[in-house]
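[1] model the following, please.
(one chain, ligands or ions: 1)
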Amino acid sequence: MAPAAELEPPAALSLPAQQPPAGQAPAWAQTPWDVVVIGGGNAGLVAALTANDSGARVLMLERSPRQLRGGNTRHTRDIRCVRSDGAAASGYPLDEAWSDLCRVGDGPSNEQLARFTVCESESIPAWMAEHGVRWQPALAGTLHLSRTNLFFLGGGKALVNTYYREVDRRPGITVAYDAKAEDFEFDGMTCRAVNVGYGGGRHRVAASAIICASGGFEANIGWLRKYWGDAADNYLVRGTPYNDGHVLARLYQAGAASAGQERGFHAIAIDARAPRFDGGIATRLDVIPFGITVNKLGQRFYDEGEDFWPKRYAMWGGQIARQPDQVAFAFWDSKVSALFIPPMYGASSAGSISELAAGFELDAAAINRTVAGFNDAVIPGKFDPGSLDDCRTGGLVPPKTHWALRLDTPPYHAIAMRPGITFTYMGVAVDAGARVVCDDGSRFENVFAAGEIMSGNILSTGYLAGFGLTIGTVWGRQAGTNAARHAR
Ligand SMILES: Cc1cc2nc3c(=O)[nH]c(=O)nc-3n(C[C@H](O)[C@H](O)[C@H](O)COP(=O)(O)OP(=O)(O)OC[C@H]3O[C@@H](n4cnc5c(N)ncnc54)[C@H](O)[C@@H]3O)c2cc1C
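    You can find the predicted model right below:
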């Protein structure tokens, strides 16, 4: 774990903050609160609303300016929930959801907490609807999510705005923007106050309970470098630049136990031309199952057709992160071009693989060898992108287990990809009540955590599409309920 002093704030954090009247603490810093929530993304919003539903007066601290509120949640589209009430064909039974979670990566970190998350997910749709969220049909594409995931109307930005509207309607919740939680004031195992950076000053905010919902440390390249070395310099961060792990580091300093693997993260293949931060969903590339993927040496390095894309897309960032210079190239032909969402910035196209390789300054001979070897290994089958079909390779290492078609129909297309880090898993350990657990097994009296900052209790290495919001919603409610109870 990284001591706070070593953390490097991302460059994009130098955004202007609102200035409070000179010499005066903001009104929200002049009164003690039942519950202070740190972070205004999904987990923080759910926690704030739940705590307020339970009667608590809540202050939510959001470090970004108002127009960038909502953290990584702004970029989301759908949430994975058990649905056992519908017809068998449209439902998503508990056993299936649990088995899906167990089959990704190394499986759940803490089986008890992970199982609780999956069980509780069934009540999420009703809760979201009660708090203003509306639904839309599942988006088409390669993610096969229509049965397992619910899509909220308008995507993540609309979700965030809906919850903020609900928050703004309630006299019992106050939101402070441009307000960065800097450190905690502990008295033994009890946190008495949060010190908040705001408008160039520092303000002590007293609270009966604290909920940490400030995301992971994915935007802190310096911290990532500790586990990934210089490779981290080539990572692109898909979400907010504000999730730099500052609160997480402060909790560790105060004695919080770590949960989850240091290198555990959700990272996907994104367009190498994407911006360093906040590129969001549009830079994601979904071509991998339909073609072949090579590193800069022209070598394939992982089975592109191992399983359905929602169960595999989140490990491709890690795979590319392990390749030379953290770059990879997808090649496909015109047979499959219409089967996935087209890359936002377009792909390179040419009449031959050699021409494409030259455009990326790759060794054309090496890539042609790889393509020829792949084509020779393809065992023809009945191609079906909607099922785990029988189009596979034989005798090839690594194999392509499904959707293997020869690359033989020009024009050919290619695109360069980088690891796009979505969020890190390593966070603070919590108990079943969302209370933060310490290194010695004790618990802080009144400090709770929800969302990405504690996702390492649930996720080890793999990921299921839509499960980030599931974790934040289940644990936001849990933290909100128990923080309000503690405050009473
Ligand atoms: C491009 C993209 C697409 C995604 N799509 C999906 C999807 O469709 N479905 C899904 O389930 N998940 C998706 N995810 C993952 C999902 O965004 C997260 O799991 C979830 O939104 C995390 O919620 P959170 O509240 O924990 O963190 P966030 O939403 O990131 O909120 C954390 C907040 O804390 C604030 N903060 C940080 N430090 C401080 C501090 N010191 N003081 C005060 N505030 C602070 C930040 O400004 C931020 O607003 C996606 C992520 C990305 C990046």
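
[2] now the helices for the stretch 51-200 of the chain?
    For the stretch 51-200 of the chain, the helices defined by DSSP state H, counting those that start in this stretch occupy 94-103, 111-120, 124-130, 155-169.

[3] of all those helices, which one is nearest the ligand?
    The closest approach between the ligand and any of those, judged by Cβ to the nearest ligand atom, belongs to helix 155-169 at 6.8 Å. (Glycine included, C-beta is placed from N, CA and C.)

[4] around the ligand, pick out the residues from the stretch 1-150 of the chain.
    38-44, 61-64, 70-73, 75-79 (Cβ under 6 Å from any ligand atom).

[5] pull out the buried members of the residues you listed.
    38-44, 61-64, 70-73, 75-79 (16 or more other Cβ atoms under 10 Å).

[6] re the thing from before, mean pLDDT for the helices of the stretch 51-200 of the chain: which is lowest?
    Mean pLDDT values for the helices of the stretch 51-200 of the chain show the minimum at helix 94-103, a mean of 92.

[7] list the helices and strands it packs on?
    helix 111-120 (3 or more Cβ pairs under 8 Å, 6 or more residues apart in numbering; DSSP states H and E).

[8] could I have the CA atoms of the helix it packs on written out in PDB?
    Only the C-alpha atoms of helix 111-120 are listed here, as PDB (Å, rounded to 0.1, in the frame of the first residue of the first chain):
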ATOM      1  CA  GLU A 111     -17.400 -15.300  -0.400                       C
ATOM      2  CA  GLN A 112     -19.700 -14.100   2.400                       C
ATOM      3  CA  LEU A 113     -19.600 -10.400   1.300                       C
ATOM      4  CA  ALA A 114     -19.800 -11.400  -2.400                       C
ATOM      5  CA  ARG A 115     -22.800 -13.600  -1.900                       C
ATOM      6  CA  PHE A 116     -24.500 -10.900   0.100                       C
ATOM      7  CA  THR A 117     -23.900  -8.500  -2.800                       C
ATOM      8  CA  VAL A 118     -25.400 -10.900  -5.400                       C
ATOM      9  CA  CYS A 119     -28.400 -11.700  -3.100                       C
ATOM     10  CA  GLU A 120     -29.100  -8.100  -2.400                       C
END
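
[9] buried residues of it, list them for me.
    Result for helix 111-120 [16+ other Cβ under 10 Å]: buried residues 113-118, 120.

[10] and that helix, what does it pack against?
    Going by 3+ Cβ pairs under 8 Å, 6+ apart, helix 111-120 lies up against helix 94-103, helix 467-487.

[11] break this structure into its domains for me.
    30-220+242-261+426-487, 266-420 (automatic domain parsing).

[12] winner for burial among those domains?
    Among the domains of the chain, ranked by average contacts under mean count of other Cβ atoms under 10 Å, first place goes to domain 30-220+242-261+426-487 (a mean of 21).

[13] what about that domain, start to end distance?
    18 Å (Cα to Cα, to the nearest Å).

[14] next: stretch 328-340.
    18 Å.

[15] list the contacts of stretch 80-96.
    97, 118-119, 121-122, 124-125, 145, 147-150, 464-467, 469-470 (Cβ atoms under 8 Å, 6 or more residues apart in numbering).

[16] quick revisit: out of the helices and strands packed on helix 111-120, flag the one nearest Ile379.
    Within those, the stretch nearest Ile379 is helix 94-103; the backing value is 24.9 Å (Cβ to Cβ).

[17] quick check: angle from the closest one to helix 467-487?
    100 degrees (axes from the mean of the first three to the mean of the last three Cα atoms, to 10 degrees).

[18] now the angle from helix 94-103 to helix 111-120?
    140 degrees.

[19] next one: helix 94-103 to chain centre, how far?
    19 Å (Cα atoms, centre = their mean, to the nearest Å).

[20] any low-confidence regions in this structure?
    Counting by pLDDT under 70, the chain has low-confidence residues at 1-23, 85-89, 140-143.

[21] repeat that with 50
    Scanning the chain for pLDDT under 50 picks out 1-17, 88, 142.

[22] my guess is Ala358 contacts Ile367. True?
    No - between Ala358 and Ile367 there is no contact, the gap being 9.9 Å when judged by Cβ atoms under 8 Å.

[23] anything in contact with each of these two?
    Residues touching both Ala358 and Ile367 (Cβ under 8 Å, 6+ apart): none.

[24] quick one on the thing from earlier: out of the helices and strands packed on helix 111-120, nearest to Val160?
    helix 467-487 (11.3 Å).

[25] Ala282 contacts Met344, correct?
    Yes - under the criterion of Cβ under 8 Å, Ala282 lies in contact with Met344, with a separation of 4.7 Å.

[26] can you report how many residues neighbour Gly229?
    Neighbours of Gly229 under the rule other Cβ atoms under 10 Å: 9.

[27] do the one 3 residues further on as well
    Other residues near Ala232 number 19, with proximity taken as other Cβ under 10 Å.

[28] separation between Leu388 and the ligand?
    23 Å (Cβ to the nearest ligand atom, to the nearest Å).

[29] before I go, just wanted to say thanks for your time.
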